Each structure stands twice: as C-alpha cells, then as structure tokens.
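Engineer: Here's a sequence, model it:
(one chain, ligands or ions: 1)
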Amino acid sequence: MGIQLRPDIMRFWQSFMKRLPRIFVFFISLSFLFSVWACIPSAKKFDLVIQNGFVIDGTGNPWFKADIAIQGSRIARIGSIDDKQAKKIIDAQGLIVIPGFIDVHTHCDRGIVRIPTVDNYIYQGVTAVIGGNCGGHPFPLKELFSKIEDQGIALNFGCLVGHNTIRREVMGMKMEAPSEEEMESMKSLIHQEMEAGALGFSTGLSYLPGTYSEKEELVELASVITDFGGVYATHLRDQGLHITEAIEEAIEIGETNNIPVQISHIKLADDAVWYELERITGPVENARKRGVEVTLDQYPYTATSSGFGSSFPSWAFEGGNKNFLKRLENEENYAKIKSYIIKRRLTSTKGINKPETIYIANAEKFPEYVGKNLQEILLSQGKKPTIENTADLIIEIQKNGGASGVFFQMNEKDVEDLMRLPYTMHASDGAVQAKGDGVPHPRNYGTFPRVISHYVRKQGVISLEEAIRKMTSFPAQTFRLKERGMVQEGFYADITIFDKDKFEDRATFSAPHQYCQGLHYVIVNGELVVEKGEYTGILPGMILYRMD
Ligand SMILES: [Zn+2]
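Structural biologist: Residues are numbered from 1 along each chain as shown. Sure thing, here's the model as predicted:
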C-alpha cells in the first residue's frame, strides 16, 4: 500500500519542487555575498586616499572637489571614494591638491648623487627635476643614471646632454670650428647619451667652450636628437642687446632639425633693453606661427646668478686655465680683459651693474667674501669702490678659482610680462643645495612657492590654475614626460598638497637657506615623501628616461 499524502502537504511539496532552482540560486548568492563581505577587511582597494581637497589638475581648468585614490605608483581613481577602501587616508579639507611641480631647468645633475634627498626641491613641492641644462652634464650619463638608481633618489630625475661637456670631451678648449673628424666624434657621443635616455640636447652659449661654436656646428649636432624625439634647450648667446638674434639662432637650430626649442631662463638681462618685450615675443611668436614649437622657462626673480667667468671675454680662456693665467701676466692682455669686464659687467644705462649690487654667492678660496657685495669687499680691504678697483677684484677672484655671483639685472615689470605669456613655464635654474652652504640665489629654495605667493596671491599676475599649469602639465608636455604633470586616472601619483593662503617662499637673498611654509604633503610615485610638512626620508624617485 502506497503512502497517501494529505492534499495540502502534497501541494506544498509540489510548489517547493517547482521553486527549488530559484531557492538554490538564492542560497548560492547568499553564500557568495557572505564570502565577499568576509574578505573586505583584508582587501582594501587603495593604498592611499586623499579626501576633501580642492583639486587643480594641471590642465589650467578651475579647481574641483574630489577624492583621489592611489594604488601602487599610480592614480587609480578620482571621484567620491569610500573611507573603507583606503589603507591610509589624508584629509585634505581646505587644501589644494595638485600634480607635483616639474622643474625643467635645473643643474641638479651636479649634486644629486651627494645629496639624493634633494631637500631644497622636495620642500618646494617639486616631484621631478631635469638636469644637464646650459650645456653641462655629467659624462657619461649611463654612469650617473646607474649610480642614482643604486642609491635611490627622493624625486624623479631626467637629464639633457650638454654641448659644452661634449665639446670639451672631444676638442678641449679650442677656439675654432670642429674638424670633420671632431664633428663626427661629438655626434657619436651625443648619440650615445641619447641612447642612455637623455631627454634632449642643451647649450650654454655664453659659457665655455660653447661660446666658441658657430651656429652651423650647433645645427649639425642638434640633428642627432631629431630621431630620438629630443628637445633642444638653450642658454642663449646673449640675453641683452642681441637677444633677438640669439633667439633667432636657437629657432633656426630647432626649425632646421624639426625639434622643439626651449629657451632657458628667459629674461631681459640688460637695462638697455628693459621694457622691450617684443625683442623676445617677436621672434618667438613668428616662429610659433610657422609651426616651430618654441617655449620659454623663467625663474620668478629679478636677479641672475652665475660664475664670474661669464664676465670675461671668451678668448681669455682659450686653451684652458694655464693659458688664462699666462695671459693675465701680459699688460696689454690684462688691460683688454679689464676693459671688457667694465663694459660687460660694470657699466649700464640705468646703473644696475654697480659694485654694491653684485654679491658673492660662493667662492672656495675666499670664504670671507661670501654673502658680501663687491663694494663691501673693497672697503674691507681699504680700497675705494671704484669701477677700476672692482674690475681688478673680479680678475683677482677669477685667478684664484673663481666664484659665483648674484647680479640684479632685471626689471620687475618685465618679469611679470614674461610670466603672462601662455608659452612661458616656470623653473628654478637652481641646483641641489647643502643647507647652510654659501649664500646661493634664493631660487634654489623658493621658486615654486614664490610664483604662487608673490605672483598669484599678492600681485595677481596670473591665476592659481594658470600658475599650476605652467609648473606641471606644460613642462611635462614640453619635455615629453609621459603620464606625469596632471592629476588623472592612470597617471603616476606625483602629488603636492598645500595651503592656498599660507604657501609661501621664505628664502631671501641674504638668508636663502630657508624652506617655504604652507606645504603639507608631497607624494612621489605613490609614496609619501613629505607628510604633515616633514620629509619622511624615503627615496621613491625614478629616472625619467626619454621614451619613444
Ligand atoms: Zn643658464
């Protein structure tokens, strides 16, 4: 006899059997959700989330409010991001969040191995620097790059091939055109340095031995970098009365070789040409109209800084230092050199080149001169601060190893007008500094915060967003630094966070070794290098190799 179920139980059983697949799916899903939930505590998606900041993305667009999530070395997401997804959170409430500053004009190649923490740049919010400017770089580059990679570095570093370095390597201090053989050797060394990952080719045409070279030599040497997609960056032959011709020379070098031209530390550095901006904008804008990519970089100060050697006629150094010393012993040569210095360095139409406005930044043999102007030095020696005596002093210093000086040569209005040009970016022209060493130009410590505090906030010369663009995406675009210079998903997480009202340079001409204020965080390749205003001591920087 079979089992007879009650009709209501029978109905329940039938409906259960019908729903079984759906019930099955329900339980499977429940167990899946449970397992996902169970995993969440150990699967926070992002290494670092920056919340509540005002993001200025580097494009020049106005700020917007967003959180930024970082995963590894990259920006993973921009938007509204849940706390629970973050391993670490930075609350940037009320702060400005930008791509880290990129400084395309530095001489950091000189000190970066000795001071890999590069504190004077890190404390400005700089996350990338380019060295090898003005014609000088450490040769061979491959060696420098591997040293840096071995020991680590706080920020990202790229380098140019310097013409002076290459010329000295092949031709010494010869004041003549290269032979065919010398030309080939120079080209092959430039090729070698570009292969090593250099970003371009730089010249320093008022320095030695670059000043001995003619345009034809430079056109031919620069042709090497065309196929590499390199940039031609130049310290012009002249930044005063002949600046237009010097810019035209640079443009011809770029235009002939179909390469971008970057004019370094642009300025009207002679009061005879003050207020004559068209000497610069004329040739640059004409070239841009023709399709030549010409751009400028500028530091935000009215004083320059360089070695006193550039105050001398270039022939004085032909054949090297021994010959220079010998020439000074000859009365006629001495007089010629002295009158050149007076004309170049100690005479000016509006009287800016005076013994009291020329300061010694560094002088190995004369530590007692450092921080003093030439007038003070002469008076301390019981001499009158005449032009004649000042020229003799400059020669005496150069005879004994030389010195670097600070020269007040520019005009504030020109600095501001050059800053307003959309094709001018900002860069320091500084180098790695050992804190407290000498009295260097304050640009080494203050360039980037100064653009924002002085020129954006106090003078209103450009907007904050425009200033950020000129110090982030624009330099990255010009030097072909891929996936940097903008706050964008997928880009490297190089990020700087500062207080809009307090970010300010503190370095002055008399007391330059001072970090800025108002800097909160600096992130390099996703790692916190500055946290709550203090350097964390890590070295997450990379070499910025030229990429195809
Ligand atoms: Zn220079």
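
Engineer: tally of neighbours for Ala46?
Structural biologist: Rather than Ala, residue 46 is Phe. Counted with other C-beta atoms under 10 Å, the neighbours of Phe46 add up to 20. Where C-beta positions appear, they are placed from N, C-alpha and C, glycine not excepted.

Engineer: ok, what's across the strand from it?
Structural biologist: Under the criterion DSSP bridges, Phe46 forms beta bridges with Ala86.

Engineer: Could you verify that Arg546 is part of a helix?
Structural biologist: No: Arg546 is assigned coil when assessed by DSSP: H, G, I helix; E, B strand; the rest coil, not a helix.

Engineer: Excluding chain neighbours, what is closest to it?
Structural biologist: The shortest distance from Arg546 to any non-neighbouring residue, by C-beta to C-beta, 6 or more residues apart in numbering, is to Leu199 (5.0 Å).

Engineer: Pull the number of nearby residues for the one you found.
Structural biologist: Neighbour number of Leu199 under other C-beta under 10 Å is 27.

Engineer: I'd like to check which residues are in contact with it.
Structural biologist: Neighbour list for Leu199: 130, 158-160, 230-231, 479-481, 544, 546 [criterion: C-beta atoms under 8 Å, 6 or more residues apart in numbering].

Engineer: So which of those wins on neighbours?
Structural biologist: When neighbours are taken as other C-beta under 10 Å, the top entry among those is Leu160 (33 neighbours).

Engineer: pLDDT score assigned to that one?
Structural biologist: With respect to pLDDT, Leu160 has a value of 98.

Engineer: Report the separation between it and Arg288.
Structural biologist: Distance, Leu160 to Arg288, by C-beta to C-beta, to the nearest Å: 22 Å.

Engineer: Which of the contacts of Leu199 sits closest to the ion?
Structural biologist: Leu160 (11.7 Å; C-beta to the ion).

Engineer: Neighbours of the closest residue to that closest one other than its chain neighbours, how many?
Structural biologist: Leaving aside its chain neighbours, Leu160 sits nearest to Gly132 (3.5 Å; criterion: C-beta to C-beta, 6+ apart). Per other C-beta under 10 Å, the neighbour tally for Gly132 reads 29.

Engineer: I'd guessed Gly132 sits against Ala198; true?
Structural biologist: Yes: Gly132 is within contact range of Ala198, at 7.0 Å (criterion: C-beta atoms under 8 Å).

Engineer: Overlap in contacts, those two.
Structural biologist: With C-beta under 8 Å, 6+ apart, Gly132 and Ala198 have common neighbours 141, 159-161.

Engineer: Run through the residues that contact Ile115.
Structural biologist: So Ile115 contacts 432-434 (C-beta under 8 Å, 6+ apart).

Engineer: between those, which is nearest the ion?
Structural biologist: Val432 (16.2 Å).

Engineer: Run a quick neighbour tally on the residue of the stretch 1-150 of the chain found nearest the ion.
Structural biologist: Per C-beta to the ion, Cys134 is where the stretch 1-150 of the chain lies closest to the ion, at 3.3 Å. Applying other C-beta under 10 Å, we find 25 residues neighbouring Cys134.

Engineer: Relative to the ion, how far out is the residue nearest to it when sequence neighbours are not counted?
Structural biologist: Spatial nearest neighbour of Cys134, chain neighbours left out: Gly204 (3.7 Å); criterion: C-beta to C-beta, 6+ apart. Distance from Gly204 to the ion, counting by C-beta to the ion, to the nearest Å: 6 Å.

Engineer: How about stretch 100-120, which residues are buried there?
Structural biologist: Across stretch 100-120, burial judged by 16 or more other C-beta atoms under 10 Å covers 100-109, 111-113, 115-120.

Engineer: wait, I meant stretch 126-140
Structural biologist: Going by 16+ other C-beta under 10 Å, stretch 126-140 has these buried residues: 126-139.

Engineer: what's the one helix or strand Asn323 maps to packed up against?
Structural biologist: Element membership for Asn323 (DSSP states H and E) is helix 321-329. On a contact count with 3 or more C-beta pairs under 8 Å, 6 or more residues apart in numbering; DSSP states H and E, helix 321-329 meets helix 331-345, helix 387-399.

Engineer: So which of these is nearest the ion?
Structural biologist: Closest of these to the ion is helix 331-345, at 16.3 Å (criterion: C-beta to the ion).

Engineer: contact partners of the closest one?
Structural biologist: Here helix 331-345 has contacts from 311-313, 316, 327-328, 353, 358, 387-388, 391-392, 394-395, 407, using C-beta under 8 Å, 6+ apart.

Engineer: hmm, back to that, can you narrow the contacts of Ile115 to ones near the ion?
Structural biologist: Subset of the contacts of Ile115 in contact with the ion: empty, counting by C-beta under 5 Å from the ion.

Engineer: hmm, which of these are the buried ones?
Structural biologist: 432-433.

Engineer: for the contacts of Ile115, which one is nearest Ser348?
Structural biologist: Proximity of the contacts of Ile115 to Ser348, judged by C-beta to C-beta, is greatest for Gln433, which lies at 29.4 Å.

Engineer: separation between the closest one and Ala507?
Structural biologist: In this view, Gln433 and Ala507 are 10 Å apart by C-beta to C-beta.

Engineer: which residues of the stretch 301-450 of the chain fall in strands?
Structural biologist: 303-307, 358-362, 404-408, 424-426 (DSSP state E, counting those that start in this stretch).

Engineer: residue contacts, the residue nearest to Glu249 when sequence neighbours are not counted?
Structural biologist: Excluding the flanking residues, the one nearest Glu249 by C-beta to C-beta, 6+ apart is Lys215, at 5.3 Å. Residues near Lys215 by C-beta under 8 Å, 6+ apart: 249, 252-253.

Engineer: Who is the spatially most central residue of the chain paired with across the strands?
Structural biologist: By C-alpha atoms, centre = their mean, the chain has its centre lying nearest to Asp103, at 1.5 Å. In this structure, Asp103 bridges to Val129 when assessed by DSSP bridges.

Engineer: so which helix or strand takes in the nearest residue to Arg290 once chain neighbours are set aside?
Structural biologist: Spatially, and ignoring its direct neighbours in sequence, Arg290 is nearest to Glu255 (7.4 Å; C-beta to C-beta, 6+ apart). Taking DSSP H and E as the criterion, Glu255 maps to helix 243-257.
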